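Enquirer: The sequence and its predicted three-dimensional model are supplied below.
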Amino acid sequence: MISDWDNLRVFLALAEEGSLTAAARKLKVSHPTVARRVKALEDELGSRLFERLPDRFVPTLAATHLLDEVRAMEQAAQALARRSAGLTDTHLGTVRISVDETMAEFISRHLMRLRENHRCIEFEIAVAHTSANLSRREADLLIRNTFPDSAHLVGRKLGRFAYAVYGVREFAAGSDGSPAALRALPWIGFDDDHVYMPGQQWQVDLLQGTAPEVRTNNGVVLYHAIHNGHGVGVLPCFLGDKDPALVRLTPILSEVVVDEWMLVHRDMRSLPRIRVVMDALVRLFQDTRAEMEGRVAVPTPVNDLAAVGS
């Protein structure tokens with residue numbers, strides 16, 4: 001009989017992550033702790049669980065026999081933790097919201113309004129491109145522009161964000177807004193690993209395969225590079241319209257309109273503090289609809305870009 005179930009949790013993390021460093025980071029413990037607990041489990045079972053290769057840990061045949069059972073145990077523990085959290089009737093506590101960096105800018109801008117009358121709740125804004133795992137309670141709420149195919153998640157569309165091309169006024173003065181004139185400008189965009197970000201495929205089509213002169217993996221860096229006059233690029237209208245240094249070089253890009261969704265695990269949606277924050281987010285997005293849809297500022301007149309790519 002296994003005497004310490006935490007050893008199984010460490011075993012699972014190492015099997016999934018493949019290295020002591022990654023497993024320790026995931027579990028928020030030290031490397032020696034991971035190594036010690038795995039060794040203790042091996043001693044208790046009387047079997048070697050990993051092949052120690054120079055660059056990774058590979059589960060042995062004995063380990064593969066354990067993995068399904070340990071994963072089932074972890075899922076049961078996670079479900080119990082979620083349901084026990086849902087038994088509380090208090091509005092006190094922390095709500096962790098997972099967003100990408102651009103949405104973090106929007107939420108931060110309206111944080112005072114979001115927290116109005118909800119000072120008893122502590123807000124954590126977790127910024128990452130990859131979605132947090134709600135089953136493992138890496139976050140309580142997700143805001144993303146995709147709806148994952150998962151029976152465990154419940155989603156609600158918060159609103160629609162508009163995008164356009166922005167640059168400093170000097171670039172606007174030298175461009176008539178035609179596709180050819182836009183192609184002649186210096187461009188800033190995401191790197192190859194992030195071409196899935198909003199507006200990047202439109203930009204690829206416009207530039208006819210030419211890579212942007214400046215590339216990044218971060219939407220806030222993209223915005224600041226455009227703000228500082230290093231080039232032009234696609235931005236959400238809520239960012240570009242509020243910046244007096246920037247003007248629109250195109251109308252709103254109909255191909256780049258993005259729907260944002262709020263996602264929550266089914267087991268957590270009735271928890272009072274999470275319910276309060278969900279309702280507050282819905283109100284915030286309803287109240288700021290004009291800002292999200294790019295209807296706050298009057299666009300700089302440019303030629304019709306319906307023929308982009310011509």
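Expert: Received the coordinates, thanks. What you are looking at is a predicted structure, and each value in this text was computed from that prediction instead of being measured. Numbering: from 1, shown residues only.
Enquirer: so where's the stretch 1-150 of the chain shaky on pLDDT?
Expert: 1-4, 75-91 (pLDDT under 70).
Enquirer: Swap in 80 and give it another go.
Expert: For the stretch 1-150 of the chain, residues meeting the criterion pLDDT under 80 lie at 1-6, 68-69, 71-92, 117-119, 131, 134-137, 148-150.
Enquirer: quick one: secondary structure of residue 234?
Expert: The three-state label given to residue 234 by DSSP: H, G, I helix; E, B strand; the rest coil is strand.
Enquirer: wouldn't it be in contact with residue 201 here?
Expert: No - assessed by C-beta atoms under 8 Å, residue 234 is found out of contact with residue 201, at 10.0 Å. For glycine as for every other residue, the C-beta is placed from the backbone atoms N, C-alpha and C.
Enquirer: Would you quantify the distance from residue 208 to residue 138?
Expert: 40 Å (C-beta to C-beta, to the nearest Å).
Enquirer: Between these two, point out the one with more neighbours.
Expert: Using other C-beta atoms under 10 Å as the criterion, residue 208 and residue 138 rank with residue 138 on top: 15 against 9.
Enquirer: Spatially, what comes nearest to the more buried one if we skip its sequence neighbours?
Expert: Excluding the flanking residues, the one nearest residue 138 by C-beta to C-beta, 6 or more residues apart in numbering is residue 132, at 3.9 Å.
Enquirer: Identify the residues contacting the one you found.
Expert: Applying C-beta atoms under 8 Å, 6 or more residues apart in numbering, we find residue 132 in contact with 96, 98, 126, 138-139, 142.
Enquirer: Buried ones among those?
Expert: 96, 98, 139, 142 (16 or more other C-beta atoms under 10 Å).
Enquirer: part of a helix, is the third one?
Expert: Meaning residue 139. No - read with three-state DSSP, residue 139 is coil and lies in no helix.
Enquirer: Ramachandran angles for it?
Expert: phi -160, psi 160 (degrees, to the nearest 10).
Enquirer: Go ahead and confirm it touches residue 123.
Expert: No - judged on C-beta under 8 Å, residue 139 makes no contact with residue 123 at a distance of 11.8 Å.
Enquirer: Please identify every residue contacting each of the two.
Expert: Listed as contacting both residue 139 and residue 123 by C-beta under 8 Å, 6+ apart are residue 97.
Enquirer: show me where the stretch 51-200 of the chain has strands.
Expert: 57-59, 93-99, 121-127, 141-144, 153-161, 163-168, 188-190 (DSSP state E, counting those that start in this stretch).
Enquirer: what does the stretch 201-310 of the chain give?
Expert: Ranges of strands in the stretch 201-310 of the chain, per DSSP E, counting those that start in this stretch, are 214-216, 233-236, 246-248, 258-265.
Enquirer: Which of the ones you listed has the highest mean neighbour count?
Expert: Among the strands of the stretch 201-310 of the chain, ranked by average contacts under mean count of other C-beta atoms under 10 Å, first place goes to strand 233-236 (a mean of 26).
Enquirer: Quickly run through the sheet partners of it, with directions.
Expert: strand 163-168 (antiparallel) (DSSP bridges).
Enquirer: Provide the contact partners of the strand it pairs with at residue level.
Expert: In contact with strand 163-168 (C-beta under 8 Å, 6+ apart) are residues 182, 185, 198-199, 226-227, 229, 231-237, 239-240, 243, 245-253, 256-258, 294, 299.
Enquirer: chain center to it: distance?
Expert: Relative to the centre of its chain, strand 163-168 is centred 22 Å away, using C-alpha atoms, centre = their mean, to the nearest Å.
Enquirer: With stretch 275-291 instead?
Expert: Offset of stretch 275-291 from its chain centre (C-alpha atoms, centre = their mean): 18 Å.
Enquirer: how about that stretch: buried residues?
Expert: Those would be 276-278, 280-281, 284-285, 288, 291, for stretch 275-291 by 16+ other C-beta under 10 Å.
Enquirer: what's the closest of those to residue 267?
Expert: Taking C-beta to C-beta as the measure, residue 267 lies nearest residue 278 of the buried residues of stretch 275-291, at 14.2 Å.
Enquirer: ok, now how distant is that closest one from residue 269?
Expert: 7 Å.
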